[in-house]
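Asks: Just the structure for this:
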Amino acid sequence: MKKIILLTILLAFTGTVTSAQTKPPAQPRGPAAQQSQPRQPAAFDLAEYGVSFQTEPRLIIMMAALEAAGFDAVAANAEPSVFRSQVRKDLADLDPDLRKRLRTFYERNKLPAPATAADQAARYVSLAFALGPPPSLEAPERSEELPTSLLEVLDFAPLVREFYRQSRIDENLVSYTRAYQAEGDRLRQPAAEMVRSVLSYLHTRPILVSLERVPVKSPTAKKNAPKTYNTREHQRRFFIVPDLLGAPGTINFRVIGDEYYAVLPEGTDPASSELRRGYLQYVVDPLVLRFNREIAARRDQIKMIMAEREKAGASVSPDVFLTVSRSLVAAADARYDEARKLEALTRQARAKLAVAKDDASRQAIARALQANTTALQDETIARLADDYERGAILDFFFADQLKDVESSGFDLAGFFADMIATFDPARESRRLTENAEARQRALAARQARLSARHAEMETPSYSEAEAARAAALVKQLAEIEQTLRLKDYVNAESRLKDLLKEYSREPRIFFALAQTASLAAADATDETVQAERLNRALGNYRLAVEASSPETDRALISRAHEAMGRIHAFLENTSEAAKEFDEAIRIGDVPGGAYKDAVEGKKKLAPR
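Replies: Coordinates of the predicted model:
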């Protein structure tokens with residue numbers, strides 16, 4: 001059995017309906033898909049790039065058992081999600097003795113401080129993937145091949161089997177699975193955009209098949225006859241697995257043989273660096289295997305750098321191939337991020353130059369662009385240095401090499417052999433020293449940003465009463481989001497209209513009402529009903545724009561215009577669609593806005 005590699009990664013939690021800057025939480029089918037584009041068009045099928053979404057019953061059962069054991073992933077002063085509250089309600093009558101034994105095991109095996117809720121859950125997530133399917137949920141045999149972290153909680157498996165039998169969770173799995181699938185639908189489009197963008201940057205396609213040489217045993221073969229082999233193919237797959245009971249803001253990533261699992265808690269942004277790094281690993285690992293001879297030829301030089309890092313007190317993997325893979329992933333992630341941000345900076349500078357009225361203004365814009373570019377490059381160096389100290393000792397080297405891939409447009413796989421053959425071990429040993437100054441500038445900039453955020457938090461812009469009122473609105477919108485995911489559009493619309501009585505002229509409520517009408521239109525089979533709902537969506541998007549502030553709600557205004565453009569495009573109101581797309585484009589590429597979607601939407605309009 002191959003080892004399971006476990007990486008626990010922290011993310012920032014982001015809302016969906018609670019902030020109209022993100023895409024709709026549930027996904028429509030049919031004509032209204034023109035408005036929210038829940039799935040990629042046939043031209044970009046995620047399955048062709050190894051990616052699929054999976055609802056995992058073992059994970060649902062495991063995390064529900066942890067809930068019964070007292071695992072609390074909800075932050076202090078925060079309310080549990082609608083789904084988590086429902087699970088707790090369903091488990092209210094669980095046998096007290098079983099609940100006590102679950103809690104005793106969990107408390108006895110807790111990781112010491114400063115371990116987070118995500119750290120506590122990670123081992124149990126690994127155990128979930130190691131179990132057999134329900135109802136047996138058989139545990140793997142205790143073996144040295146299992147990770148230590150999994151072995152620490154392996155004896156939780158019998159309690160999970162008992163929990164499955166006594167809790168009657170199997171009766172709820174159908175409705176639970178439906179909620180998980182809705183979360184997968186929310187993740188689909190942004191995940192597809194991430195995959196498309198990464199592969200475009202590397203100018204490559206992932207290797208979807210691994211080959212294994214298997215000796216052929218023949219009872220009639222002579223004693224000294226040469227061995228013969230067959231080649232066996234294995235599909236390589238990258239699964240995105242929603243986890244509605246996971247710790248918010250945390251991704252668990254693990255590799256089991258040729259299957260890569262990214263376990264995403266509710267509310268995760270698929271564009272996050274951590275999910276991107278997981279997919280980069282999926283792309284890079286088979287390249288390292290394909291060019292293993294070229295890497296082996298440089299083994300001594302790589303080990304030379306490893307030895308120097310170990311003398312400096314750093315923790316370095318003894319596996320040369322793992323070191324190469326880790327280094328290339330770190331370099332690709334850092335360079336990709338810099339390239340995307342630099343592109344955005346340049347686009348914004350060009351827009352400003354286009355309206356600049358004099359040379360002084362243009363020079364100021366050019367100076368600001370240069371300063372921002374330098375700061376961006378410093379941050380990339382700081383990220384590479386951080387990963388270098390964690391064992392990615394060739395990441396600076398690969399980052400330099402990737403600049404050639406970016407400019408040439410050739411497939412990364414075609415460059416790999418040349419890349420690994422040209423590094424200088426003496427140079428790579430000096431990387432931290434060479435880049436110390438730029439790294440310090442980046443660290444100082446990080447500290448300045450952190451201080452600014454703290455100052456902003458310590459200087460409230462609202463009274464306590466206003467802040468409490470705003471928090472209550474965010475909470476209620478989050479609850480209505482869960483209702484939308486269950487496609488209870490009537491209930492969601494009713495609750496939003498009730499909210500308007502208390503929060504009149506609140507743009508986020510108008511935006512959510514528009515989303516609700518648009519999603520309901522997607523499920524309508526009667527064309528008249530569908531048209532009525534789409535027109536109602538248009539009206540609410542218009543109200544959202546009118547109630548918004550151009551200074552503080554630019555992202556919401558951008559998304560509303562883009563959404564109206566898609567609806568008009570579906571209704572074949574081409575001129576109106578073009579106007580709405582133009583309005584979104586005019587706002588610019590603001591964070592959380594719909595600039596790129598608007599540009600793409602306008603391109604798809606039929607000639608007028």
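
Asks: Would you mind measuring from residue 593 to residue 513?
Replies: 20 Å (CB to CB, to the nearest Å). (Glycine included, C-beta is placed from N, CA and C.)

Asks: quick one, strands of the stretch 401-550 of the chain?
Replies: Ranges of strands in the stretch 401-550 of the chain, per DSSP state E, counting those that start in this stretch: none exist.

Asks: can you pull the contacts of residue 285?
Replies: Contacts here follow CB atoms under 8 Å, 6 or more residues apart in numbering; on that basis residue 285 touches 255, 325.

Asks: ok, now with 6 Å
Replies: residue 325 (CB atoms under 6 Å, 6 or more residues apart in numbering).

Asks: Quick check: the gap between it and residue 318.
Replies: Residue 285 is 18 Å from residue 318, by CB to CB.

Asks: Please name the residues that touch the nearest residue to residue 202 once chain neighbours are set aside.
Replies: Distance criterion CB to CB, 6 or more residues apart in numbering; nearest residue to residue 202, sequence neighbours excluded, is residue 412 at 4.5 Å. Residue 412 is in contact with 202, 204, 405, counting by CB under 6 Å, 6+ apart.

Asks: And residue 412, what's its pLDDT?
Replies: Looking at residue 412, its pLDDT reads 90.

Asks: What ranges does the stretch 351-500 of the chain have for its helices?
Replies: Here the stretch 351-500 of the chain has its helices, by DSSP state H, counting those that start in this stretch, at 359-389, 395-408, 412-420, 425-429, 431-434, 436-458, 464-485, 489-502.

Asks: elements contacting the last one?
Replies: For helix 489-502, the packing partners by 3 or more CB pairs under 6 Å, 6 or more residues apart in numbering; DSSP states H and E come out as helix 464-485, helix 507-522.

Asks: Check which helices and strands the host helix or strand of residue 160 is in contact with.
Replies: Using DSSP states H and E, residue 160 sits in helix 157-167. Packing partners of helix 157-167 (3+ CB pairs under 6 Å, 6+ apart): helix 57-69.

Asks: how about a cut-off of 10 Å?
Replies: Packing partners of helix 157-167 (3 or more CB pairs under 10 Å, 6 or more residues apart in numbering; DSSP states H and E): helix 57-69, helix 96-108, helix 117-130.

Asks: What is the distance between stretch 147-163 and the centre of its chain?
Replies: 28 Å (CA atoms, centre = their mean, to the nearest Å).

Asks: What of stretch 119-130?
Replies: Counting by CA atoms, centre = their mean, stretch 119-130 comes out at 19 Å from the chain centroid.

Asks: just to revisit the earlier point, okay if I get the helices and strands packed on helix 157-167 as TSV plus mean pLDDT, mean neighbour count and distance to residue 448?
Replies: Compiled in TSV, the helices and strands packed on helix 157-167 are given as follows (pLDDT from 0 to 100; neighbours: other CB atoms under 10 Å; distance: least, CB to CB, whole Å):
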stretch	mean pLDDT	mean neighbour count	distance to residue 448
helix 57-69	96	23	39
helix 96-108	96	14	41
helix 117-130	92	23	28
